[in-house]
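Pasting a predicted model and its sequence here:
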Amino acid sequence: MSYWFRNDNRLPQERLAAASYVIVGMITLLLLGFWKLQVIDSDKYGQLAERNRVRAIPIIAPRGRMLDRDGRVLVDNYPSFSVLLLRDDAVAVDKNLPAIADGLGLSLDDLKDQLNNTINLPKFQPIVIKPEATPADVAFIESHRADIPLLEMLMVHRRRYLPGGFMSHASGYVGEVSEQQIEASNGKLRPGDFAGKSGLERQYNDLLMGTDGMRRVVVNSVGKEVGRLSQQEATPGKQIQLTIDYDLQEVAENALAGKKGAIVALDPRNGEVLAFVSRPAPDPNDFAVRVSKEEWQRLNEDEDRPLLNRVTQAQLAPGSVFKVVMATAMLEEKVPPENFTVFCPGYAVFYGRMFKCHVFGKGGHGVVNLHQAIIHSCDVFFYNVGQRMGIDRIAKYAKLLGLGSKTGIDLPSEEAGLVPSEEWVERVYHRKWYPGETISVAIGQGAVTVTPLQLARMVGGVASDGEFKQPHLLKDGQIADTTTQNAGDTHGGAGSVSGPLSLLKNVHVDLSENTVEQVTQGLYGVVNEGGTAGAVKLEGIEFCGKTGTAQVIGGEAKERYGKGKDEFKNNAWFVGYAPRRNPEIVVSVLVEEGGHGNLASAPIARDIIKAYYDKKAKKGQGQYTVDYQKYEFGNGAKAEVAESPKAVTKPEQSAAVVPADSPKKPRPN
């Protein structure tokens, strides 16, 4: 009996002791948990609690404006709103995503893609899900504050460009940054930010962007703002002044409307770009928010290639404008001697093949010397010069005068063109250079290709006694280093290529006085002595230039396959300048499929140079030469094309363009 009673007394005591240990352990764990929450993790949970009632909303810095050389606004900003998605609560985001997509008119799949692309970003960092909020979007957000407290509106400044693609390829456009750009920006860029994608917007993105600010606000349980804590103001981007002259730009834009081609006007004395047009061109206002995939694909597949900046990227045969290089090389090398003459019956035979002059079938030029060959653009004369000179000597002088290499203009993605040589054909095609190829190169055909900008700089440099200035669009004489461009960027996607500003790099080529005098006298005669551009003569102005008509396909192939087809029409060139020596302005005009340079391109150059001198004359008299036009922009608000700061030179009205009177029919070339 005692045995059983003894066990009955001991069993409850052991159980009670075990239960006591368990209770003490649980209390200890709870105390440790409380201690960890209140001491060790107090900052962490304090921050989480603070985020529930405090939101940090970025204040987007407006980009700097672009002004023309007289202080008139070319690129500006307008206020807008973007829609932010707060991602702190992942469960709430997933739950409300369909309603958000439906309310904002977005595709649910696209919205999910945006979230997946930002999955590596901190959850407390909001993302832009709709760059441009409509009034309906604003109403939706405000009316659903209680049930969808995940949406916030952010005031931003959208880019506003002059309509119709005005100066589109020079100014460039901005676009939403990609994930790769965000990673490469060292925290400077966030999802939904906009940065320069092409042109000056990209080249000087670091100057134009500015620094964003931040506003901290107190919100209630439904996300409504009930108070403000602090605000750090945004620092606007820097304003940049360009070398572009709005008046000349307007004349050039109008002259090239409805055509494919390019126009660039330079001041050869300092390299300033006065006008810059490439057509066709997209309207950069279409990119100011977000371009759709369908629209981007359409632009890339368009046969007219509107995204191509023809001023710096169209690599085409220069035609007879290349004869300026040939004449310079002939006089410098004295091969053949400068008194060399040729009889032109309208054709010549080299290496068993007939090469036609542009007057073939209409007679010939007869006996011509260098001066007459430049004036009348005699192909037979330059065929003979090219044969005697050889391809490598031609290549030497073409490169010396700036062809075959980039000009260094402060725009991304400039092309270098091509100057063929024996070394080049062996390296690329693994064969020897055929002497017959030199004959074609001598008149700017064959493998040689150039850009309109290169030709403007080349002709301006020769007429300026061998002074070749670096073209630039930034007015202050410094430009961003183009060597920092992102080579992996496919369509201007690198937000910024602008490095530190550097001084311009100019080149001097030793040309003899005799060479410059004879070449410029020839170019003067082209316009003023009954030459190929005699129809565009300007009274009282030493207007000089060289026409060029470049074949797209060979003459025989054109006769066989391309007769009457526009896509096989010749490209029309003209490079004009004034005055004859040490010019103030040089204009390069390319009209693709324009036919003859004297008919399609020379009148355009004449009008621009006439406008330049008209403006110069009126400017000296203190007259206004620009009517401030107002354009309707896409958001319905009117904006002035230009403003005239009191501290700068008075803006002027578009100079009258006076058509040349020409009863005499010019010779095509």
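That came in fine, so what should we check first?

Show me what counts as buried in stretch 109-123.
111, 114-115, 118 (16 or more other Cβ atoms under 10 Å). The way it works is simple: take the backbone N, C-alpha and C, and place the C-beta from them, glycine included.

Just the residues you listed: which are in helices?
Judged by DSSP state H, these include 111, 114-115 as members of helices.

Adding pLDDT, write those out as a markdown table.
As requested, those are arranged in a markdown table below (pLDDT from 0 to 100):
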| residue | pLDDT |
| --- | --- |
| 111 | 86 |
| 114 | 81 |
| 115 | 83 |
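
can you redo the buried residues of stretch 109-123 as CSV with distance to residue 436?
Below are the buried residues of stretch 109-123 laid out as CSV (distance: Cβ to Cβ, whole Å):
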residue, distance to residue 436
111, 63
114, 59
115, 63
118, 61
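
For residue 571, list each beta-bridge partner.
Going by DSSP bridges, residue 571 is paired in beta bridges with residue 550.

so what's it up against?
Contacts for residue 571 were tallied using Cβ atoms under 8 Å, 6 or more residues apart in numbering; they are 316-317, 319, 549-550, 552, 590-594.

ok, and the most crowded of those?
residue 590 (35 neighbours; other Cβ atoms under 10 Å).

Partner strands of the host helix or strand of that one, with direction?
According to DSSP states H and E, residue 590 maps onto strand 585-591. Here strand 585-591 has these sheet partners by DSSP bridges: strand 261-267 (antiparallel), strand 571-578 (antiparallel).

which one of the contacts of residue 571 is nearest residue 426?
Taking Cβ to Cβ as the measure, residue 426 lies nearest residue 317 of those, at 21.7 Å.

wait, doesn't the closest one sit right on residue 572?
No. Judged on Cβ atoms under 8 Å, residue 317 makes no contact with residue 572 at a distance of 12.0 Å.

one step back: show me the contact partners of the strand holding residue 590.
By Cβ under 8 Å, 6+ apart, strand 585-591 touches 256, 259-268, 274-275, 310, 314, 316, 452-453, 455-456, 459-460, 463, 571-578, 600-602, 604-605, 608-609, 612.

Now with 6 Å, please.
Residues outside strand 585-591 that contact it (Cβ atoms under 6 Å, 6 or more residues apart in numbering) are 259, 261-266, 268, 452, 455-456, 459-460, 572-577, 600-601, 604-605, 608, 612.

so what does the following helix or strand past that strand touch, helix or strand wise?
Next helix or strand after strand 585-591 toward the C-terminus (DSSP H and E): helix 597-600. If you count contacts as 3 or more Cβ pairs under 6 Å, 6 or more residues apart in numbering; DSSP states H and E, helix 597-600 packs onto strand 544-550, strand 571-578.

May I have helix 597-600 exported as PDB, CA atoms only?
C-alpha atoms of helix 597-600 as PDB (Å, rounded to 0.1, in the frame of the first residue of the first chain):
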ATOM      1  CA  GLY A 597      22.100  69.600-108.200                       C
ATOM      2  CA  ASN A 598      21.700  72.900-110.000                       C
ATOM      3  CA  LEU A 599      17.900  72.500-110.200                       C
ATOM      4  CA  ALA A 600      17.000  70.800-106.900                       C
END
